[in-house]
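> Okay, sequence plus prediction incoming.
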Amino acid sequence: MAAPRRPSGGGLRRAPQDGRLEEINKEFLCDPKFSDEEDLETKLAVFKEKYMEFDLNNQGEIDLMSVKRMMEKMGAPKTHLELKKMISEVTGGVSETISYQDFVNVMLGKRSAVLKLVMMFEGKANESNPKPSGPPPERDIASLP
């Protein structure tokens with residue numbers, strides 16, 4: 001009997017990337033700049049999972065199309081120009097892809113980057129808007145707008 005496959009395409013292809021990201025997390029844990037950050041280890045674990053979710057090609061970089069899919073998934077589609085501006089803000093204009101270091105620096109940083117706001121919004125939206133289960137409630141004509 002075959003083991004069930006993970007829909008995210010995980011498994012062996014993700015193992016090397018997981019190791020690389022874990023090494024980067026260790027660097028952040030040892031960095032004195034972030035020593036006063038509360039629950040740093042937990043935050044880095046969450047950032048790693050989110051990053052791997054959006055690094056669709058497992059290359060260790062989030063490209064324009066991955067950011068586009070992320071925004072569409074959240075119900076906030078953006079134009080290519082807006083996406084390029086987001087990536088440029090995160091990378092400081094030096095790259096067309098978001099590396100894991102850039103991603104973590106933005107998420108832990110004090111400056112207000114668009115991607116950080118988007119990720120925070122996604123988390124808040126998931127908490128405050130639980131999906132209703134079951135059939136919708138019955139309505140009568142008087143309750144319609």
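Received it, and whenever you're ready, just let me know what you need. Residues are numbered from 1 along each chain as shown.

> Strands along this structure, start to end?
61-62, 98-99 (DSSP state E).

> Low-confidence ranges, this structure, go.
Applying pLDDT under 70 to the chain flags residues 1-14, 110-132.

> Residue nearest the middle of it, spatially speaking?
With distances taken as CA atoms, centre = their mean, the chain has Lys50 as the residue nearest its mean C-alpha position (3.9 Å).

> quick revisit: tell me which of the strands of the chain sits most buried.
strand 61-62 (a mean of 22; mean count of other CB atoms under 10 Å). Every residue, glycine included, has its C-beta placed from N, CA and C.

> In contact with Lys26: list those residues for me.
For Lys26, the contact set (CB atoms under 8 Å, 6 or more residues apart in numbering) is empty.

> my bad, Phe54
Applying CB under 8 Å, 6+ apart, we find Phe54 in contact with 62, 66-67, 69-70.

> now these: which count as buried?
62, 66-67, 70 (16 or more other CB atoms under 10 Å).

> hey, which helix is longest across this protein?
When the chain is parsed with DSSP state H, its longest helix is helix 14-30.

> all helices of the protein, in order?
Taking DSSP H as the criterion, the chain carries its helices at 14-30, 40-54, 64-73, 80-91, 100-108, 114-128.

> sorry, back to before: dump the strands of the chain to a markdown table, plus distance to Leu29.
Shown next, in a markdown table, are the strands of the chain (distance: least, CB to CB, whole Å):
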| stretch | distance to Leu29 |
| --- | --- |
| strand 61-62 | 22 |
| strand 98-99 | 18 |
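
> so of the helices of the chain, which one's packed in deepest?
Note that of the helices of the chain, helix 100-108 is the most buried (mean count of other CB under 10 Å), with a mean of 20.

> and it, how far from the chain's centre?
11 Å (CA atoms, centre = their mean, to the nearest Å).

> Report the angle between it and helix 14-30.
In terms of direction (axes from the mean of the first three to the mean of the last three CA atoms, to 10 degrees), helix 100-108 departs from helix 14-30 by 50 degrees.

> how about the strands of the chain, which one is nearest Ala76?
strand 61-62 (16.2 Å; CB to CB).

> Quick one: list the elements packing against that closest one.
Under the contact criterion of 3 or more CB pairs under 8 Å, 6 or more residues apart in numbering; DSSP states H and E, strand 61-62 touches strand 98-99.
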